[in-house]
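In: When you get a sec, could you give me coordinates for this:
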Amino acid sequence: MQCPRCHSTQAAKNGRRQNRQCYKCKQCGRQFLESYKPWCYSNDIKQLCLKMHLNGMSLREIERVTEIHHTTVLHWLRQAQSTINNISQSPKN
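Out: Numbering: from 1, shown residues only. Below is the predicted model:
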């Protein structure tokens, strides 16, 4: 294993996170994972959460049902709102 910060190869195993091995660099002390997975949700999940909110569900209720953090859903709502605002403000020919 090579440290992403100092590129040292002196790393020791340091527990597990979500079934992935964690390491700690002996040189700089940084903790890191062997590989990182991108965190992203499909557009279908995003659309489902937006529809739930439009149908009157609160962000916390959506969080309980989908197990997606309420601030993530709030971020998607704000993105959708800004997209709608940009479309409605664009000049029409």
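
In: Name the SS class of residue 23, please.
Out: strand (DSSP: H, G, I helix; E, B strand; the rest coil).

In: State the number of residues packed around it.
Out: 18 (other C-beta atoms under 10 Å). The way it works is simple: take the backbone N, C-alpha and C, and place the C-beta from them, glycine included.

In: OK, contacts around it?
Out: By C-beta atoms under 8 Å, 6 or more residues apart in numbering, the contact list for residue 23 reads 1, 11, 12, 13, 14, 31, 32, 33, 34.

In: Just the pLDDT at the second one, thanks.
Out: In this prediction, residue 11 carries a pLDDT score of 95.

In: give me phi/psi at it?
Out: phi -120, psi 150 (degrees, to the nearest 10).

In: how about the helices of this structure, start to end?
Out: Along the chain, the stretches classed as helices by DSSP state H are 43-54, 59-66, 70-89.

In: Pull out the buried members of the contacts of residue 23.
Out: 1, 11, 32, 33 (16 or more other C-beta atoms under 10 Å).

In: could the residues you listed go into CSV alongside distance to residue 89?
Out: Formatted as CSV, the buried ones among the contacts of residue 23 follow (distance: C-beta to C-beta, whole Å):
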residue, distance to residue 89
1, 50
11, 52
32, 44
33, 43
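
In: Can you verify my assumption that residue 10 contacts residue 26?
Out: Yes - counting by C-beta atoms under 8 Å, residue 10 touches residue 26, with 4.2 Å between them.

In: Mean confidence (pLDDT) on stretch 55-66, please.
Out: So the average pLDDT for stretch 55-66 ends up being 97.

In: swap that for stretch 29-40, sorry
Out: Per-residue scores along stretch 29-40 average to 86.

In: Likewise for stretch 71-90?
Out: Stretch 71-90 comes out at a mean pLDDT of 90.

In: from the middle of its chain, how far away would that stretch be?
Out: 18 Å (C-alpha atoms, centre = their mean, to the nearest Å).

In: do the same with stretch 63-82
Out: 11 Å.

In: in the chain, which residue is closest to the centre?
Out: residue 39 (4.6 Å; C-alpha atoms, centre = their mean).

In: Got phi/psi on that residue?
Out: The phi/psi pair for residue 39 (degrees, to the nearest 10) is phi -100, psi 110.
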